[in-house]
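Asks: predicted model and sequence follow; I will ask about them next.
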Amino acid sequence: MEITLITPPYVVQQNVKLHWSQLSAKAIEVLIVELYRVDYITFKQAQRLLNTTWQDTLSIFKKHNCQEYYDSDDFEDDVHTLDSLYGEEA
């Protein structure tokens with residue numbers, strides 16, 4: 001994942017470089033929630049980025065007043081998971 005931050009000139013002049021690993025866990029959490037909220041990532045992608053269980057991801061969303069929704073991409077992910085667990089049955 002690549003993130004571009006647009007910074008004011010005075011920040012650039014101070015040669016401040018911001019790396020993903022330097023962000024606090026809280027800032028990363030907020031970013032992931034916002035990416036989900038504006039539909040840039042799916043629930044499953046948010047869960048993977050947060051490295052949490054389904055329940056913990058829901059809890060994080062609730063904490064940030066972000067409503068979870070279930071779209072066709074989530075459905076396809078679930079179908080794929082079920083197929084891999086139980087095999088395709090015709």
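Replies: Arrived safely, thanks for sending.
Asks: and the helices in this protein?
Replies: 9-13, 25-37, 43-50, 54-63, 72-86 (DSSP state H).
Asks: of all those helices, which one is nearest Glu2?
Replies: Closest to Glu2 of the helices of the chain is helix 25-37 (CB to CB; 12.7 Å). To be clear about C-beta, it is placed using only N, CA and C from the backbone, and glycine gets the same treatment.
Asks: what separates that closest one from the chain centre, distance-wise?
Replies: Centroid separation between helix 25-37 and its chain, computed with CA atoms, centre = their mean, to the nearest Å, is 6 Å.
Asks: what of stretch 29-43?
Replies: With CA atoms, centre = their mean, you get 5 Å for stretch 29-43.
Asks: then stretch 78-90?
Replies: The answer for stretch 78-90 is 24 Å, by CA atoms, centre = their mean.
Asks: which of the residues in that stretch are classified as buried?
Replies: For stretch 78-90, a neighbour-count test (16 or more other CB atoms under 10 Å) marks nothing as buried.
Asks: what's the neighbour count on the closest residue to Gln47 other than its chain neighbours?
Replies: Nearest in space to Gln47, with sequence neighbours left out and distances taken as CB to CB, 6 or more residues apart in numbering, is Thr57 at 4.4 Å. Thr57 has 22 neighbours, counted by other CB atoms under 10 Å.
Asks: okay, Thr57: pLDDT?
Replies: Thr57 carries a pLDDT value of 93.
Asks: how about Glu89?
Replies: 61.
Asks: what's the answer for Arg37, then?
Replies: 90.
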